[in-house]
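*Asks:* I would like to see how this sequence folds:
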Amino acid sequence: MSRLDEVGERDGWRCWICDEPVDPEMSVNDSRGPSVDSVITKAKSKSKSKSDNAAEERLAHRGCNTKKGAIAPVIEWSPELFVSEPAPIYATVERLERKGGREIVARCPDQADGDAAAAWLVDRISRLRPGFQVSATVEPGGGQFMVVLRHG
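*Replies:* Residues are numbered from 1 along each chain as shown. This next block holds a predicted model:
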């Protein structure tokens with residue numbers, strides 16, 4: 001079994017960047033074809049130890065991987081959610097990994113929209129960073145409902 005097949009099986013043949021299915025039968029040269037992306041977080045890149053600095057390999061579409069290049073990817077919020085001022089997901093997850101604590105990641109007009117956004121976000125992060133434990137709550141404030149993400 002090739003490294004691509006191993007990574008694809010582990011990730012359920014879903015692109016870690018866009019969260020869409022990846023067809024293992026497509027050519028690796030096609031923009032929707034599979035590729036392996038090496039993810040190095042800021043914390044790992046600053047580590048002095050070579051063992052701590054190992055890149056995490058994730059499955060991505062060739063086009064998503066190429067578009068991202070060597071910069072932090074933009075992980076889109078679902079267009080089906082009704083949120084205002086959404087925080088950048090990838091940067092938020094990296095900060096929570098480094099510092100812990102909590103962050104307000106979006107505001108919603110009502111509790112139901114906040115609950116939907118919180119559930120979607122926890123699910124999306126579970127595929128973005130398997131093993132990274134987060135929880136999301138919805139807190140009222142200022143006539144709106146804030147989605148709060150916590151590490152742990």
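*Asks:* make it CA atoms for all contacts and neighbour counts henceforth
*Replies:* Noted.
*Asks:* Asn29 touches Asn65, doesn't it?
*Replies:* No. If you go by C-alpha atoms under 8 Å, Asn29 and Asn65 don't touch, sitting 11.9 Å apart.
*Asks:* more crowded one of the two?
*Replies:* Asn65 (22 against 12; other C-alpha atoms under 10 Å).
*Asks:* ok, for that one, nearest residue in space, not its chain neighbours?
*Replies:* Asp37 (6.4 Å; C-alpha to C-alpha, 6 or more residues apart in numbering).
*Asks:* spatially nearest residue to Val36, not counting backbone neighbours?
*Replies:* Leu59 (4.9 Å).
*Asks:* correction: the previous question concerned Lys68.
*Replies:* For Lys68, the closest residue by C-alpha to C-alpha, 6+ apart turns out to be Val74, at 7.8 Å.
*Asks:* in three-state terms, label Ala91 for me.
*Replies:* helix (DSSP: H, G, I helix; E, B strand; the rest coil).
*Asks:* any idea how far it is from Ile75?
*Replies:* As for Ala91, its distance to Ile75 is 9 Å (criterion: C-alpha to C-alpha, to the nearest Å).
*Asks:* one more: Phe82?
*Replies:* Distance from Phe82 to Ile75, by C-alpha to C-alpha: 17 Å.
*Asks:* returning to what we had before: tell me how many other residues crowd the residue nearest to Lys68.
*Replies:* 15.
*Asks:* do the same with Gly143
*Replies:* Neighbours of Gly143 (other C-alpha under 10 Å): 9.
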